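> Everything below, folded, please.
(2 chains)
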Amino acid sequence: MKANIMRSNKLANLALTAALAVGINTASADDPLKVGFVYVGPTGDAGWSYGHDQGRKYIVEKFGDKIETNYVESVAEGADSERVIRQLAAKGHDLIFTTSFGYMNPTLKVAKRFKKVKFEHATGYKRGKNTGTYFARAYQGRYLTGLIAGKMTKSNVIGYVASFPIPEVIRGINAFTKGAQEVNPDVTVKVVWASTWYDPAKEREAAETLMLQGADILTQHTDSAAVIQAAESKGNYAIGYHTDMSAYGAKAHLTSTVHTWGPLYAQKVQAVMDGTWKSEDLWPGIAEGVTDLAPLNDAIPADVKALIAKKKQAIKEGALRVFDGPVFDQAGKEVLSAGETMDDAALKSFNWYVKGVEGKLPKS
Amino acid sequence: MDFELLTNILFATLRTGTPLILIALGEMVCEKSGVLNLGQEGMVLMGAALGFIAAVVTGHAGLGIIAAILAGMMMSVLFAFLAVTLVSNQVATGLALTIFGTGLSGFLGAGYVGMAIEGIAPFPIPFLSDIPVIGKVLFSHDPLVYFSWLMFGLIFWCFRSTRLGLTIRAVGENPEAANAIGIPVMKVRYGAILFGGAMAGLAGAYLSLVYTPMWSEGMAAGRGWIALALVVFASWKAERILLGAYLFGAASIMHLVLQGLGFEASPNLLAMLPYGATIIVLVVIASDAAKAKLNTPLALGQPYRPQV
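Residues are numbered from 1 along each chain as shown, chains lettered A, B, ... in the order given. Coordinates of the predicted model:
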């Protein structure tokens, strides 16, 4: 078992290239399976990238010296990521997880060059012969937290600090709003786009702006816990995302939607070892334990807690699929009638808001 | 737009601009002495990390601030030793300092991710903070905001009418000549670099102890780089740094507030606003090319070897 840390900066990349030129990889049957990870943020962000690194640690624990893992953190999306992914592939990694939406095209481009390497891209929708995709049905958690927010708000305005208007984020906003609307039709969800995945100070200002405009419960789809902190300082409630963020606001933190990637990563590693890996689209959720809620705050009344438990069970059993009809768009037009349910393709291409979201959806 | 909203926007503007002012003023003094230190981001992060760690360990946010200043100075001493004493390339050394600081702060702070502290509370100035609107906008901040004004005043005065200001400028314009008239060039440069480090460390403390009282890796999110650009666009003038930083702050806040008000524009376009507005305004102010050139420290970035 070995875990190397490579920092994504030009110097480190230079060093990596130099190391490549010197050390020639000689793979034999006894060599450990090399698994590479590319993270968009630092592993210490207490959010998205941290969660993926926990997944990496899980497989290290599980497979011991049968695998060797490496990760590169804080890799900017776009051209820079292509270089990093290519270097990981060239260094003899057998399986590479690229864990941000913006790595989609770079991953596919590199995958075409390195046909023997298996790639797994998180949150994307394009696959290839040796590129699979995976994501968590986080929207199921979003829906449950929306129910809580709808029940707990007094001002009927809920603030949502979002990053970029891509389907994944819009789906979260819609699932959250749908939950809130189901228990409280008067609720509106105000969205502010911070135009960043990670900038604690900016996320905090976005939260302050929303509270100024009447929001008494906040949630966020950015990567730090600054929004929770902002809510705590003003005596409001907040719902976290990615990891349990209760440390940042014991009073404010109602719950968080959390991801547990470990079992999913273990499954993929095992598949590569057994030679059964195939390109597929994995989208596990609450039923598989990949998506879950952090422990609920005691401020949540017992009847709401019971409702959450009931709905969670229904999701687990497959009786409830969040976007079951009737679903209305922002204008109140029925998009999906009762008895129908939205298919995964529609979920993955969300580009409209459901009823209850305030403001116009910007084009991404 | 109602009054309360406006008040809050202005209040947030000052808060957002403060870390930039601290970093940029420090870097300005450093550059005035002819030294280009690109290590700001690394020094800010070290300040933020060590400041937070000290605050957690001692349970005292005030000690955290002192630790942050010391952390920034330690980093800058390293830079000064390499770039001034050993006459290494300033650009490369500065970049290395940023990379080093980013990595080291992440390493040292790893055990402190997810911890929460009280943070430094706002300190409304008695009487002054009771004035309607102005009181809230100007006098209800945390101590570091007032301190940034104090530093601005001192630096402005220093370069306008003191011998020290003149000495620093002489070293930055022509170190050989300064040396010839008996100015200790190396000492002045060491002092300016240390001052820059202290200010960057303090800005780090502002982020991890005041703004968002927590530590998470890379939390400076590029503020060190923005401040570096600000110094150049402000043509090394303290008053323009103040203006530019607040302009940047205002535009950053408007990016968020306008969305909340239902303003229909692409958030990507709005996100560009702070950069666009600041650059345009500062470039227009400094449009006289000849004058702008006069402000540039002539020996900026050039290594200086003392004649023996």
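
> who touches the helix or strand hosting B:Gly172?
Assigned by DSSP states H and E, B:Gly172 falls within helix B:163-173. Applying CB atoms under 8 Å, 6 or more residues apart in numbering or on different chains, the external contacts of helix B:163-173 come out as B:29, B:31-35, B:158-159, B:177-178, B:181, B:183, B:185, B:188-189, B:192, B:297-300. The C-beta positions use only the backbone N, C-alpha and C, and glycine is treated the same way.

> Name the next helix or strand downstream of that helix, please.
Helix B:163-173 is succeeded, C-terminally, by helix B:175-180 (DSSP H and E).

> Who are the packing partners of that following helix?
With contacts taken as 3 or more CB pairs under 8 Å, 6 or more residues apart in numbering or on different chains; DSSP states H and E, helix B:175-180 sits against helix B:163-173, helix B:185-205.

> Okay, buried residues for the first one please.
The one in question is helix B:163-173. By 16 or more other CB atoms under 10 Å in any protein chain shown, the buried positions in helix B:163-173 come out as B:Gly165, B:Thr167, B:Ile168, B:Arg169, B:Ala170, B:Val171, B:Gly172, B:Glu173.

> Include distance to A:Ser256 and mean pLDDT when you put the helices and strands packed on helix B:175-180 into a markdown table, please.
Shown next, in a markdown table, are those (distance: least, CB to CB, whole Å; pLDDT from 0 to 100):
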| stretch | distance to A:Ser256 | mean pLDDT |
| --- | --- | --- |
| helix B:163-173 | 50 | 93 |
| helix B:185-205 | 27 | 95 |
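
> The ones you listed: which one's closest to A:Ala247?
Distance to A:Ala247, taken as CB to CB, is lowest for helix B:185-205 among the helices and strands packed on helix B:175-180, at 20.5 Å.

> Please see if the closest one touches chain A.
No: Helix B:185-205 does not reach chain A (CB under 8 Å from any CB of the partner chain); its nearest approach is 11.1 Å.

> quick check: angle from the very next helix or strand once past that helix to helix B:185-205?
Counting by DSSP H and E, the element after helix B:185-205 in chain order, helix or strand, is helix B:223-233. Counting by axes from the mean of the first three to the mean of the last three CA atoms, to 10 degrees, helix B:223-233 lies at 130 degrees to helix B:185-205.

> does any bit of the helix or strand following helix B:223-233 sit next to chain A?
For helix B:223-233, the following helix or strand on the C-terminal side (DSSP H and E) is helix B:238-260. Yes: using CB under 8 Å from any CB, helix B:238-260 reaches chain A at B:Ser252, B:Ile253, B:His255, B:Leu256, B:Val257, B:Gln259, B:Gly260.

> How many residues are close by A:Asn70?
A:Asn70 has 19 neighbours, counted by other CB atoms under 10 Å in any protein chain shown.

> Given the host helix or strand of it, what are its sheet partners and their directions?
In the assignment (DSSP H and E), A:Asn70 maps to strand A:67-73. Each strand that pairs with strand A:67-73, with its direction, by DSSP bridges: strand A:3-7 (parallel), strand A:33-38 (parallel).

> residue ranges with poor pLDDT in the stretch 1-150 of chain B?
Low-confidence segments of the stretch 1-150 of chain B, defined by pLDDT under 70: B:1.

> the helices in it, which residues?
Using DSSP state H, counting those that start in this stretch, the helices of the stretch 1-150 of chain B run over B:3-32, B:40-58, B:61-80, B:90-109, B:134-139, B:143-161.

> how far is the last one from where the chain is centred?
By that I understand helix B:143-161. How far helix B:143-161 lies from its chain's middle: 12 Å, per CA atoms, centre = their mean, to the nearest Å.
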